[in-house]
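1. Take this sequence and fold it.
(chains A and B)
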Number of protein chains: 2
Amino acid sequence: MVLHRSHVEGFRRLTKVGVAQRRFLKAVEDSQVGSELRPISEAAGRVLEADLIARRGLPSNNLSIVDGFAVRSLDLQRISSNPVVLKQIGESIPGKPCSLLVRRRQTVAVATGSIVPRGADSVAPIEDVRFLRGSRILFSESVRSGQNIVLRGEDVSRGQVVLRKGACLRPQDLGLLKAMGIERVSLLARPRVAVISTGSELVETFHDASSGQTVDINRQILSSLVTQAGGVPVDLGIVKDRKASIVNALRKAVECSDLVLVSGGSSVGERDLIPSCVDLLGKPGMLVHGVAMRPSMPTGLAVVNGTPIISLPGFPVSAMFAFLVFGRCMICRLGGKPIVDRTVRAVLAVPVKGVKGFRTFIRVILRKTSKGLFAEPVKSQKSSVLMSMVRAEGYITIPEGVTEIPAGHSVEVTLFT
Amino acid sequence: MVLHRSHVEGFRRLTKVGVAQRRFLKAVEDSQVGSELRPISEAAGRVLEADLIARRGLPSNNLSIVDGFAVRSLDLQRISSNPVVLKQIGESIPGKPCSLLVRRRQTVAVATGSIVPRGADSVAPIEDVRFLRGSRILFSESVRSGQNIVLRGEDVSRGQVVLRKGACLRPQDLGLLKAMGIERVSLLARPRVAVISTGSELVETFHDASSGQTVDINRQILSSLVTQAGGVPVDLGIVKDRKASIVNALRKAVECSDLVLVSGGSSVGERDLIPSCVDLLGKPGMLVHGVAMRPSMPTGLAVVNGTPIISLPGFPVSAMFAFLVFGRCMICRLGGKPIVDRTVRAVLAVPVKGVKGFRTFIRVILRKTSKGLFAEPVKSQKSSVLMSMVRAEGYITIPEGVTEIPAGHSVEVTLFT
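-> Take a look at the predicted model:
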């Protein structure tokens, strides 16, 4: 028999989303991905494993930040009463510094980015000088000591912490590393995330499908979501609804990954084998089964020998929301990254209803009008309608205590990316 | 002589940022990257080249969205007065549909996701039935025709446009393609972006550098920025400040790419060779030279034989802002993607000054306090101080007409990513 009574009673105790998230994250508090040494060309967007300390200062010389003339500022001190004429003794261009010492009443032409020669303590910009005969330069504005110079060590001083452990490396950070002569950097590994689909009806592609069979799309969707969240998806294929096959697949998954996503069979029917299989694998097993959210109520959260497992509902819409609520935060937690949502505020075009006690996610389309940005629910909110996710630009979240948000209300829309 | 008079007068005519952006984008209105057929596993985040039309409907059968019993809804019509008992004649599970026809007073057990057998038009959820002896099922709630069923073609109907030309493919979109049996998809090519650094003082790595030489970090920074913006960086190395070398490098760059980024030599000094070299290459040449922005004023924008070229200042900070203002929008334009900035609103902690007539970018740090999020300028705003970009979490933009924003003002911070 495909159905029996257990189903009816199974989800009487649902866990609130917030409670479930905290319980899940707390159970892996001590888990840690490893680290790896990578060249900086591969480090964009990755997370630093330890504080990074400057082994040398930057720049390594005083540099001019304008095209102009390096001078001793004292020489131009009395310029207000009379212009000052200095003798040009050389020039400094980037890559070809001037080795002369600048003495009193002498000057050296310097180009932007070139070394300011010894003796000089400032640079007068070329706009403020006149060229006279015989390499003589006339100055008509005074300069402060240090003016138009970036001093040796001003950018980075030796021994300074330039980037903190946990920093997510951006283009400028990589530039800084390169400038300091650091070519490889120790990074947190990206969490490996096993992705399994279960269901005897599932086939790989449309061409394999006979009547009643379904193309598995959850692995495709979840793998893309994992990559977006900074994880590395490990595709472990389709598994039939047989206890032994599922236990084997999960055991392999737990061994080879930092997080397991298994979709299908997550509810409480006869064919919903995941929760009982997970409990066979190790301790503590299922932490949460059934979450007070719509969609994705039949979601299970487990930990087996330190590896977190998410049992996601089989409908792709539900699998996505279960991932967005529990998978992303776990990948970010394991990978040491902050969770970054893209959100916009919009005006609700029509009222939307929540379910008391449930956190409800409403898929919406955005419409720009002369009166501002409006959010409008997509027509079908069914978990079985994938187009509701394809049409939607994002979703609004109705908290547990709210049963209706009226039209005209300002809401935060979390954008799909 | 490293310096001469032209420098002084060169930038008397600065172009406003908005004007420069429009002129630059308009000059490549007709430019178009090619398209390419790729497997959907490689299509995440990529842009559809043409509308995508469903060649078949989804689902291909009526499916149950609950565990329950498929019935003819007419059989349960009079249930309000008396419960109804139907005879169970079979079961339908995903992958193993029931081929029987459901006649009057008959029912078939169906699992979530399984095909609803012919004859039945609705599904009563298992919670609403009782199991009696002899395969008899007692129903106590009526059902509407279509209830708990996703109808054949309800998700996607045949011939429907499911994704529009220009759509940026998200995980759910890839899932939909897979469900429809589409394995390869025609995408806009990612713009190829040539990245060149010029400067006779530049060396590849710290270990190559002698006194007065500088490690080139602009190619590293710009390549990362290009990748973030959806382009493919093509590294064309370092070029010395010699006209012939620069012309050769630019010619090669224009031939092999959709956009050229060349940093260094962008100003009006003796060593600033890029603008004149660009004009030698082809028409229309330089469109804009000198932009009313701080930093990055000595930025040049050109088009040569249909290929846009950005001449970026050599200081990494300036090169970055020139890229963020002109490079990103060009890559997005060529690649058919919208520009997506991540922004937050924050309260300005101290007053900031703009330069009249200039668009000024102020690098800021964000501080979370009990009174909200505060934005505070990083100490040094010099173009020569890379740490100002490393410390900053983002920047605020002071428009051309504004010379000061007072402390306490709410400002929009564009986040570095």
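2. could you give the mean pLDDT of the longest strand seen in chain A?
-> Looking across chain A with DSSP state E, the single longest strand is strand A:359-369. On average, the pLDDT along strand A:359-369 is 97.
3. helices or strands next to it in the packing?
-> Applying 3 or more Cβ pairs under 8 Å, 6 or more residues apart in numbering or on different chains; DSSP states H and E, one finds that strand A:359-369 contacts strand A:293-294, strand A:343-348, strand A:372-377, helix A:387-391, strand A:394-398. (C-beta placed from N, C-alpha, C; glycine too.)
4. Nearest to B:Ala194, out of these?
-> strand A:343-348 (34.6 Å; Cβ to Cβ).
5. what residues does that closest one touch?
-> A:364, A:366, A:371-375, A:394, A:396, A:405-415 (Cβ atoms under 8 Å, 6 or more residues apart in numbering or on different chains).
6. For PyMOL, what selects the buried ones among the residues you listed?
-> To isolate the buried subset of the contacts of strand A:343-348 in PyMOL, counting by 16 or more other Cβ atoms under 10 Å in any protein chain shown, use the following:
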select buried, chain A and resi 364+366+374+375+394+396+405+411+413+414+415
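7. Please report how far the residue of the stretch 1-150 of chain A found nearest chain B lies from B:Ala392.
-> Closest residue of the stretch 1-150 of chain A to chain B, Cβ to the nearest Cβ: A:Gly95 (2.9 Å). Distance, A:Gly95 to B:Ala392, using Cβ to Cβ, to the nearest Å: 29 Å.
8. which secondary structure element contains A:Asp235?
-> strand A:232-239 (DSSP states H and E).
9. helices or strands up against that strand?
-> With contacts defined as 3+ Cβ pairs under 8 Å, 6+ apart, the packing partners of strand A:232-239 are strand A:192-198, helix A:218-228, helix A:243-256.
10. who touches the residue of the stretch 1-150 of chain A closest to chain B in this structure?
-> A:114, B:199-202, B:212-214.
11. Can you pick out the most distant pair from these?
-> Every pair of those checked by Cβ to Cβ; the farthest is A:Ser114 and B:Leu202, at 12.7 Å.
12. Excluding chain neighbours, give the residue nearest to A:Val33 in space.
-> Spatial nearest neighbour of A:Val33, excluding adjacent residues (Cβ to Cβ, 6 or more residues apart in numbering or on different chains): A:Ala189 at 4.5 Å.
13. pLDDT wise, what is the one you found at?
-> Note for A:Ala189: predicted pLDDT of 97.
14. With A:His4 instead?
-> 46.
15. Likewise for the one 4 residues further on?
-> On the pLDDT scale, A:Val8 is placed at 43.
16. rewinding a little: the strand holding A:Asp235 to helix A:218-228, inter-axis angle?
-> For strand A:232-239 against helix A:218-228, the angle by axes from the mean of the first three to the mean of the last three Cα atoms, to 10 degrees is 170 degrees.
17. Take the helices and strands packed on strand A:359-369 and lay them out in TSV including mean pLDDT and distance to B:Ala249.
-> Listed next are those as TSV, based on pLDDT from 0 to 100; distance: least, Cβ to Cβ, whole Å:
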stretch	mean pLDDT	distance to B:Ala249
strand A:293-294	96	57
strand A:343-348	96	42
strand A:372-377	97	45
helix A:387-391	96	45
strand A:394-398	98	44
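18. who wins for proximity to B:Glu141 among the ones you listed?
-> Across the helices and strands packed on strand A:359-369, B:Glu141 has its closest neighbour in strand A:293-294 (20.5 Å, Cβ to Cβ).
19. What strands flank the following helix or strand past that closest one, and is each parallel or antiparallel?
-> Once strand A:293-294 ends, the next helix or strand along the chain (criterion: DSSP H and E) is strand A:300-304. Here strand A:300-304 has these sheet partners by DSSP bridges: strand A:284-289 (antiparallel), strand A:307-312 (antiparallel).
20. Identify all contacting residues around the last one.
-> Outside strand A:307-312, the residues that touch it by Cβ under 8 Å, 6+ apart are A:24, A:27-28, A:31, A:218, A:222, A:250, A:253-254, A:257-266, A:274-275, A:278, A:289, A:296, A:299-303, A:318-319, A:322-323, A:326-327, A:330.
21. In CSV, list the C-alpha atoms belonging to it.
-> C-alpha atoms of strand A:307-312 as CSV (Å, rounded to 0.1, in the frame of the first residue of the first chain):
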residue,chain,number,x,y,z
THR,A,307,28.2,16.4,8.5
PRO,A,308,24.9,18.3,8.0
ILE,A,309,22.2,16.8,5.7
ILE,A,310,19.2,18.6,4.3
SER,A,311,16.3,16.4,3.2
LEU,A,312,14.5,18.7,0.7
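22. and that strand with strand A:192-198, angle?
-> Using the same axes, to 10 degrees: strand A:307-312 against strand A:192-198 is 40 degrees.
23. With the first one instead?
-> For strand A:284-289 against strand A:192-198, the angle by the same axes, to 10 degrees is 70 degrees.
24. hmm, who's touching strand A:284-289?
-> By Cβ under 8 Å, 6+ apart, the residues outside strand A:284-289 that reach it are A:15, A:20, A:23-24, A:27, A:268, A:275, A:278-279, A:299-304, A:311.
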